[in-house]
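S.K.: have a look at this prediction, sequence included:
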Amino acid sequence: MVMAVSRLGGFNTLMYYSSTLFSMVGFDKPVAVSIVVGGTNFLFGFVNSAVIDRFGRVILIVTVLGMSLSLVVTAIGFHWIPVTHMDSASTTTAGSESWATILLLVTIILYVAFFAAGVAPVAWVGTELLLLEVRALGTRSIL
């Protein structure tokens, strides 16, 4: 289930189309903004490494909740951004960052931070979900 949340959560699509998305909502330098988002992913991967042994499964509960809430606020923020043509690469005037555009950036950064701090690494380290008593049995490959 954790792998499904990791793959279906939209992170790869967000990272792939982030510069297009940020240019559509009006940022002057969308690639620079995308680099900031990518840097957030890099830094919060280390946060997970530091806290996963102390908090275990609680990380998943907190980060999935944080991912969900930040995406809900992102969707609400899109309501307030004037988008005239979804077909064009630039739908708003470049440099016209409004409060909704800044909110969109902050919530996307929060989404990436929650994803990188919890779901992304834990999905690949599935043994963290198992209790210590059954971890060896649970990680044994079934042939």
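M.R.: In hand now; what should we look at?

S.K.: contacts, neighbours, all on C-alpha from now
M.R.: OK.

S.K.: elements contacting the helix or strand where residue 7 lies?
M.R.: Using DSSP states H and E, residue 7 sits in helix 2-8. With contacts defined as 3 or more CA pairs under 8 Å, 6 or more residues apart in numbering; DSSP states H and E, helix 2-8 has these neighbours: helix 120-124.

S.K.: contacts only, for the residue nearest to residue 68 when sequence neighbours are not counted.
M.R.: Of all residues not flanking residue 68 in the chain, residue 111 sits nearest, at 7.9 Å (CA to CA, 6 or more residues apart in numbering). Contacts for residue 111 (CA atoms under 8 Å, 6 or more residues apart in numbering) come out as 66-68, 70-71.

S.K.: one more time with 7 Å
M.R.: 66-67, 70-71 (CA atoms under 7 Å, 6 or more residues apart in numbering).

S.K.: swap in residue 29?
M.R.: Contacts of residue 29 (CA under 7 Å, 6+ apart): none.

S.K.: can you report phi and psi for it?
M.R.: Note on residue 29: its backbone torsions stand at phi -120, psi 80 [degrees, to the nearest 10].
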